[in-house]
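Enquirer: Need a 3D model of the following:
(one chain, ligands or ions: 2)
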Amino acid sequence: MPDDCLFCKIVNKETDTRFLYEDDTYVVFKDIHPAAPVHLLLVPKTHIRSVNDLTPSHQSLVGGLFQLAAKMAREQGVDQSGYKLLFNVEKGGGQVIFHLHLHLIGGWNR
Ligand code: 5GP
Ligand code: ZN
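Expert: Ligands and ions are numbered 1, 2, ... in the order given. Purely as a prediction, here's the structure:
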């Protein structure tokens with residue numbers, strides 16, 4: 001893991017970020033600058049730079065990420081009203097934290 005990766009620091013509990021969910025593979029926390037009433041970041045604990053760096057060995061990790069997204073959406077009460085799932089990929093795609101994460105955004109019309 002790169003020393004300067006903020007999300008590795010968060011995963012390693014080197015910040016006071018509160019987790020809404022944690023298991024051996026993922027953590028979930030609120031985005032510090034929410035773009036909507038519900039804006040969560042779903043983050044694999046392992047350091048992967050971006051979608052570009054996924055390999056076949058990450059297949060279950062990525063599948064699990066989407067299962068987790070559906071679970072978090074239910075818990076946040078946005079599963080029926082609807083939500084967006086977003087990966088920003090590299091600088092031109094709006095990525096600013098180079099540690100793979102899935103944005104879960106919703107809650108406008110609950
Ligand atoms: P990206 O643009 O890389 O896909 O998204 C990174 C997200 O991380 C941004 O939406 C930004 O607001 C969020 N973020 C950046 N620093 C922190 C932080 O220290 N804590 C939390 N909770 N979110 C952060
Ligand atoms: Zn990292």
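Enquirer: Give me the neighbour count for the nearest residue to Arg49 once chain neighbours are set aside.
Expert: Distances taken as CB to CB, 6 or more residues apart in numbering put Phe98 closest to Arg49, at 5.0 Å, once the chain neighbours are dropped. From N, CA and C alone the C-beta is placed, and that goes for glycine too. Other residues within reach of Phe98, judged by other CB atoms under 10 Å, total 18.
Enquirer: Next up, the contacts around Phe98.
Expert: 5, 49-50 (CB atoms under 8 Å, 6 or more residues apart in numbering).
Enquirer: ok, these vs ligand 1, which is closest?
Expert: Proximity of the contacts of Phe98 to ligand 1 (CB to the nearest ligand atom) peaks at Ser50, which lies at 8.9 Å.
Enquirer: Quick check, Val28 in contact with Ala73.
Expert: No: using CB atoms under 8 Å, Val28 makes no contact with Ala73, being 11.1 Å away.
Enquirer: in this structure, which spans are strands?
Expert: Shown for the chain, the strands assigned by DSSP state E span residues 21-22, 26-30, 38-44, 83-86, 102-106.
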